[in-house]
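> Sequence first, then the predicted structure:
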Amino acid sequence: MSPTVDQLVADGLLPSSATIDFFTATIYVGLVLSCFVSGANRFGWRGMLMASAVLLFISWLLIVGQWGCVSLLVGRQLNGFSSAVVFKTFGIYVAEMVAAGHRGS
C-alpha cells in the first residue's frame, strides 16, 4: 500500500496525514458495517452475491475515476463492505448448492 499512498499524496488526492490514516482504515469500516446487513433473509444468498457484485463494480469505478479525496474514501469503504458480503455469503451459497455427497471436498 505504501507506493500507492505516496503516489496519491504526490497527486494531491490525500491532502493530510489524517486523510491518509482514514484512507488506510476505511476499508475496515466497510467490513464492520457489512456485518449488519449481509444476511440473506430478504434476498437470499444468490441475491446478496449479485448485489455485492454491483457494489464492487461501483466501488472500483469510484477508486479508478479518482474524482477527488471523497470518491477514493467512499470507493474504498464500499469495496470493504461488498468484499465482506462476498466472503460471508459465497461459502454458504456454494455449500447449499453442492450435492450432499460432495460437500466438504
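Thanks, I have it.
> Which secondary structure elements does the helix or strand containing residue 92 sit against?
Residue 92 is located in helix 69-97, with elements delineated by DSSP states H and E. Using 3 or more CB pairs under 8 Å, 6 or more residues apart in numbering; DSSP states H and E, the elements in contact with helix 69-97 are helix 17-34, helix 44-65. Quick note: C-beta positions are derived from backbone N, CA and C, even for glycine.
> Same list, those, but as a markdown table with mean neighbour count and mean pLDDT please.
A markdown table is the format used below for those (neighbours: other CB atoms under 10 Å; pLDDT from 0 to 100):
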| stretch | mean neighbour count | mean pLDDT |
| --- | --- | --- |
| helix 17-34 | 15 | 82 |
| helix 44-65 | 16 | 88 |
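> if we can go back for a sec, ok and the helix holding residue 92 relative to helix 17-34, angle-wise?
Orientation note: helix 69-97 sits at an angle of 30 degrees relative to helix 17-34 (axes from the mean of the first three to the mean of the last three CA atoms, to 10 degrees).
> got a pLDDT number for residue 88?
Residue 88 is assigned a predicted lDDT (pLDDT) of 82.
> In this structure it contacts residue 34, no?
Yes: shown here, residue 88 and residue 34 form a contact pair, counting by CB atoms under 8 Å, at 7.4 Å.
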